[in-house]
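Colleague: Give the three-dimensional model of this entry:
(one chain, ligands or ions: 1)
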Amino acid sequence: MKLEIINSQIEAGQKGLQVFKKAIQQGAQVFGLATGSTPISIYDAITQSDLDFTKFISINLDEYKGLSNDHPESYHYFMNKYFFSKKPFAHSYMPNGLANDLKSETKHYDQIINDNPIDLQILGIGRNGHIGFNEPGTSFKSQTHIVNLTDNTIQANSRFFDSIDQVPKQAVSMGIASIMKSKEILIAAYGKEKAQAVKEFIEGPVTEDVPASILQKHPKVTVILDQDAAALLSKK
Ligand code: GLP
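Modeller: Reported below is the predicted structural model:
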């Protein structure tokens, strides 16, 4: 893993932009995208750059169950706001959390991922080490699946909702096996509340209890951290 410790969100954005630029120079055409507060500075840098995505494809990691696309906390809304309205793709895929048959939606999404192998996947990390919405205990062999969100994640994500009761209890998420198939991964984490998860995923054992720890086995990962998130690492 290549570790980049940054001192500001602007710097994080620029580092992320460089990773995207290099991947595109090397032929990347399919981008796995993430939501959450972490990727915002990277998306800001990208959308202010001269990069053009109109011939490329994006595939998002996850979506809540049951939120309409125009709900301000849906991941569809987030992606339009921070990325697609500024830099459109030829096609952007996101899981449909409103599908009547969510099980067949997961199969459909796996087909999309298989037909469009991801060149560069961007990830954040949950406080409990989750990636996408793959909570601790999720099989490393998982493909797209319906997730019961943990109390920890519901609590963490409630800061975006008016009350905790409004946070959906389920989501559809790309699986860990699908994430690991990406040619390259860029993961970022900021703030002291991520420090424990960062230490465990980089320096701890590879275990399904810490979903992000599987990234130790991926051949091409860049990790962008601020000082707080990196605080518990023994090697920097
Ligand atoms: C959610 C998303 C993840 C994201 C995580 C952390 O659970 N499904 O993809 O990495 O939140 O979010 P944040 O970056 O806001 O800390």
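
Colleague: can you count the residues close to F84?
Modeller: The local packing of F84 (other CB atoms under 10 Å) involves 19 other residues. Just so you know, the C-beta spots here come from the backbone N, C-alpha and C atoms, and that holds for glycine as well.

Colleague: can you check I179 too?
Modeller: Residue neighbour count, defined by other CB under 10 Å, stands at 27 for I179.

Colleague: Wait, it touches I131, no?
Modeller: Yes - the pair I179 / I131 is scored as a contact, 6.3 Å apart, by CB atoms under 8 Å.

Colleague: tell me, what's touching these two both at once?
Modeller: In the contact map built from CB atoms under 8 Å, 6 or more residues apart in numbering, the residues linked to both I179 and I131 are L61, L123.

Colleague: ok, residues contacting the lowest-mean-pLDDT helix or strand in the chain?
Modeller: The helix or strand with the lowest mean pLDDT-type score in the chain, counting by mean pLDDT, DSSP states H and E, is helix 151-157 (a mean of 91). Counting contacts by CB under 8 Å, 6+ apart, the residues outside helix 151-157 that touch it are G126, R127, N128, H130, F133, E135, L149, I164, V167, K169.

Colleague: could you say which helix or strand contains the closest residue to A90 other than its chain neighbours?
Modeller: Setting aside the residues directly before and after it, A90 is nearest to K55 in space (CB to CB, 6 or more residues apart in numbering), at 5.6 Å. Using DSSP states H and E, K55 falls within no helix or strand.
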